[in-house]
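Novice: Here is my input, please return the structure:
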Amino acid sequence: MIICMALATIGFLFFAFLFLSAGENITGSILTCRRETELENIKKTRIELDLIVDYLKRTKDLKDKKRVKRARELKKNLEQYQKNLERLEKGKAGMMEVIPIAGYRMMQMMHWDGRNETVKKLYNQCVQFKERREAMNYTYYILGALIGYVVLGGVCFFAMLGLMLAMGLGIRAVVFSVVVLILLVMAGYVPYDNVNVTVRNRKEEIENQFPQVVSKLTLLTVAGMEVNQAWKLTSASGVGVLYQEMERVLVDLDNNVPPAEAYSKLITRCNNPYTTKLATAIMQNASKGNAEIVNLFRRLNSESWLEHKHSARRRGEQISSKLLVPTLLMFVGIIILVIVPVMTGFNF
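Specialist: Below is the predicted model of the structure:
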């Protein structure tokens, strides 16, 4: 018991030291990342809220309880996000920032910079759905939160274990302490794992949408339209990750970003071999007219639809393999239901 309390005290002092010794650059990076996150939440919430309000105004159906309830929830969330943003803009750090700041400071002490393999791997994933500057801040925020929650979990584990042992709870003290440790570690791990989930979902959506996109580009360019105009019309013709990325390229071009840089960003964000071929071809053939690019679009169209068919077949096989175990369990259950009555002499 005394050892547990001593370890908890040492751990708490170490956590406090990490937070208090963090420099302004660490605090600024974490606060900036949190501001960017809140701004993104506000933007998404307003878009969804505006869509619901427009629908209710257009249909004049105020009895749609589901949409009305959702609108109220979004309005409440929007107010909370705005309060968080105001607090962050004033430079005030709450618990959501204290833990990542402490973890970031520990990363600094361990010399985890941009050359570290863990940092580079996570950054390469984050840069696929965030701008480079935002991706670096978000990388340090995620890793800082993970390390901070692990340290805090160890402190809470020993503190709770010591207190509950002093109360004479025995084995229950260990169980409750382990549960608290697991919950805190999971609180730090879930955002880290969400990055992998986000990247995987983006990859699948881009793969599914690419054949449609390249088919539209091929059709428009074969009809004699310039690539830039075909790109603009195609980006506005659908909804999804790839269409949004195409629109981001147009935004960059409108802001006088060089075409090579705009399409290079697309290659990095999409991280797909076919989008890489498409963007590279557009950059290389910018000054050669539509003759060669049309042939390339046709080849990409054929290849992407063939790969799409193979991917659909592979996904079907994966789903079939996942259904194999439940099917076998059902088969065994049916056999048991048939054999047991027969074995026990049950008569229908």
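Novice: My guess is residue 191 contacts residue 145. True?
Specialist: Yes: assessed by C-beta atoms under 8 Å, residue 191 is found in contact with residue 145 at 6.1 Å. Glycine gets a C-beta too; all of them are placed from N, C-alpha and C.
Novice: Neighbour count: those two, which is higher?
Specialist: Applying other C-beta atoms under 10 Å to residue 191 and residue 145 shows that residue 145 carries more neighbours, namely 25 against 16.
Novice: element containing the more buried one?
Specialist: When secondary structure is defined using DSSP states H and E, the element that contains residue 145 is helix 132-166.
Novice: need the next SSE after that helix, C-terminal direction.
Specialist: Remark: after helix 132-166, the chain's next helix or strand is helix 171-222, criterion DSSP H and E.
Novice: separation between the residue positioned nearest the centre of the chain and residue 142?
Specialist: For the chain, the residue nearest the mean C-alpha position is residue 198 (3.3 Å; C-alpha atoms, centre = their mean). Spatial separation of residue 198 from residue 142 under the definition C-beta to C-beta, to the nearest Å is 11 Å.
Novice: surely residue 217 meets residue 294?
Specialist: No: in terms of C-beta under 8 Å, residue 217 does not count as a neighbour of residue 294; the distance is 9.4 Å.
Novice: Give me the mean pLDDT for the host helix or strand of residue 25.
Specialist: Per DSSP H and E: residue 25 is located in helix 24-59. Here the mean pLDDT over helix 24-59 is 83, rounded to a whole number.
Novice: Need the contact partners of the helix or strand following that helix.
Specialist: Scanning forward in sequence from helix 24-59, with DSSP H and E defining helices and strands, the next element found is helix 65-89. Under the criterion C-beta atoms under 8 Å, 6 or more residues apart in numbering, residues 31, 34-35, 38-39, 41-42, 45-46, 48-49, 52-53, 55-56, 62, 94, 97 lie in contact with helix 65-89.
Novice: The same query, at a cut-off of 10 Å, please.
Specialist: Applying C-beta atoms under 10 Å, 6 or more residues apart in numbering, the set of residues contacting helix 65-89 from outside is 30-53, 55-56, 59, 61-62, 64, 92-94, 96-97.
Novice: likewise stretch 170-180?
Specialist: Taking C-beta under 10 Å, 6+ apart as the criterion, the residues outside stretch 170-180 that touch it are 1, 4, 153, 156-167, 169.
Novice: Buried subset of those, written for ChimeraX?
Specialist: Only the buried members of the contacts of stretch 170-180 end up in this ChimeraX selection, burial being decided by 16 or more other C-beta atoms under 10 Å:
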select :4,153,156,157,158,159,160,161,162,163,164,165
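Novice: and which of the contacts of stretch 170-180 is nearest to residue 229?
Specialist: The shortest gap between residue 229 and any of these belongs to residue 153, at 55.5 Å (C-beta to C-beta).
Novice: Can you classify residue 114 as helix, strand or coil?
Specialist: Here residue 114 takes the coil state, with states given by DSSP: H, G, I helix; E, B strand; the rest coil.
Novice: try residue 237
Specialist: The local conformation at residue 237, judged by three-state DSSP, is coil.
Novice: Show the contacting residues for the closest residue to it other than its chain neighbours.
Specialist: Of all residues not flanking residue 237 in the chain, residue 216 sits nearest, at 6.1 Å (C-beta to C-beta, 6 or more residues apart in numbering). Residues touching residue 216, when contacts are defined by C-beta under 10 Å, 6+ apart, comprise 230-231, 233-235, 237-238, 297, 301.
Novice: Just the buried ones from those residues?
Specialist: Applying a neighbour-count criterion of 16+ other C-beta under 10 Å, the buried members of these are 230-231, 234-235, 297, 301.
Novice: So which of the residues you listed is the closest to residue 338?
Specialist: Distance to residue 338, by C-beta to C-beta, is smallest for residue 301 among the buried ones among the contacts of residue 216, at 53.7 Å.
Novice: Pretty sure the closest one sits against residue 215.
Specialist: Yes: the criterion here is C-beta atoms under 10 Å, and residue 301 meets it with residue 215 at 5.5 Å.
Novice: now the angle between helix 171-222 and the helix or strand hosting residue 16, please.
Specialist: The secondary structure element spanning residue 16 is helix 2-20 (assigned by DSSP H and E). For the pair helix 2-20 and helix 171-222, the angle between their directions (axes from the mean of the first three to the mean of the last three C-alpha atoms, to 10 degrees) equals 30 degrees.
Novice: Name the residues that touch helix 2-20?
Specialist: 26-27, 93, 97-99, 101-109, 144, 147-148, 151-166, 173, 177.
Novice: if you average pLDDT over that helix, what comes out?
Specialist: Mean pLDDT, taken over the full extent of helix 2-20, equals 84.
Novice: how many neighbours does residue 146 have?
Specialist: Residue 146 has 24 neighbouring residues, counting by other C-beta under 10 Å.
Novice: OK, contacts around it?
Specialist: Residue 146 sits in contact with 99-100, 103, 107, 118, 122, 185, 187-193, where contact means C-beta under 10 Å, 6+ apart.
Novice: Now do it, the pLDDT please.
Specialist: 92.
Novice: Check which residues of stretch 84-101 are buried.
Specialist: Counting neighbours by 16+ other C-beta under 10 Å, one finds that the buried residues in stretch 84-101 are 84-85, 87-88, 93, 97-101.
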